[in-house]
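[1] Provided below for reference: sequence and predicted model.
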Amino acid sequence: MSVVRSEWREVGIHTVGYVAAIVAFVLCCQALAAPVAGTVHVAAPSGQQLSMTMKIDEAKTTLSLTGPSYSWFSFGFDTTTMEGYSLIVEGLNDARTVVEQNLLGSGTPGSPQAIQNVSILGTSYDAAQNLTTIVLERANQTGDPNDPSFSTSMTSLDVIWAYRGSATPALPSPTLNYHGRNGRGDVSLTFSPAPEPATVVSLALAAIGWLIQPRQWRRRARA
Ligand code: HEM
């Protein structure tokens, strides 16, 4: 009788242990903010394609900027007019540089920030489509008062874009200059949850916990 009671007590303790472990995993996953991502596609009046993808993780943001391979191009953040934080990509094809620059108002582009906080992860050039893509990384909070913070709680963002609207492969424009009326505009970017490896791992661990549990009970019952 007492053996049966102690076995049941052990079973109870194990069940509480596993449930506690699963609750801990769930709480842990909630504490780690889930990444979000979003993309904007722009078709300029000339038919030129530009796009930007942002993936915001817990601590850093990865940006993928695509624009004409024969022109400088730029995206600006949290604005519908020519002002505030922007990333300006200069050069041609896959020979590119990027700067953080705060635009001061319509017609006044300002100059590159004194402290630059973006790093280039890679650049690719699609000759058939005349497109360049540059992939960048930046800390969500750089500590630089000139940089906006990015956060996984963001749901949408106003974005401006620009390039030298009159440039062509035969008439390239690598250095920042007036975009012209057809070379600028604004769009809205919407964020949605991005796949998170941590959730998959924790779910797998929780599942293993549940699978192991009856096996131990069976082994104990046989002994
Ligand atoms: C040398 C650099 C630049 C010059 C001289 C310049 C000049 C101008 C001028 C004169 C206007 C008003 C006329 C128009 O609508 O076209 C304008 C508007 C605009 N610019 Fe620029 N720009 C420059 C760089 C940029 C950059 C890097 C962006 C970033 C995406 C940008 C985004 C815009 C936008 C969205 C507008 C329309 C809204 C507004 O007037 O504020 N510009 N720019």
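    Yep, it's here.

[2] quick one: the helices in the protein?
    With DSSP state H, the ranges of helices along the chain come out as 2-31, 197-222.

[3] If Tyr125 is in a bridge, with which residues?
    Tyr125 has these beta-bridge partners by DSSP bridges: Thr132.

[4] cool, and Ser86?
    Note on Ser86: beta-bridge partners by DSSP bridges are Gly76, Gln101.

[5] gap between it and Thr168?
    24 Å (Cβ to Cβ, to the nearest Å). No exception for glycine: its C-beta is placed from N, CA and C like everyone else's.

[6] domains for the protein, by residue range?
    As recorded under automatic domain parsing, the domains making up the chain are 2-33+198-222, 36-193.

[7] Quickly, which of those domains bottoms out on average pLDDT?
    Across these, domain 2-33+198-222 has the smallest mean pLDDT, namely a mean of 56.

[8] Give me the residue at the spatial middle of the chain.
    In the chain, the residue lying closest to the centroid (Cα atoms, centre = their mean) is Lys55, at 1.0 Å.

[9] Touching, it and Pro35? I think so.
    Yes: taking contacts as Cβ atoms under 8 Å, Lys55 lies within contact range of Pro35: 6.2 Å.

[10] Which neighbours do those two have in common?
    Ala194 (Cβ atoms under 8 Å, 6 or more residues apart in numbering).

[11] if we can go back for a sec, spatially nearest residue to the residue nearest to the centre of the chain, not counting backbone neighbours?
    Ala37 (4.2 Å; Cβ to Cβ, 6 or more residues apart in numbering).

[12] swap in Val42?
    Excluding its sequence neighbours, the residue lying closest to Val42 (Cβ to Cβ, 6+ apart) is Leu50, at 4.3 Å.

[13] do the same with Asp147
    Nearest one to Asp147, counting by Cβ to Cβ, 6+ apart, is Asn117 at 6.0 Å.

[14] Good, wrapping up.
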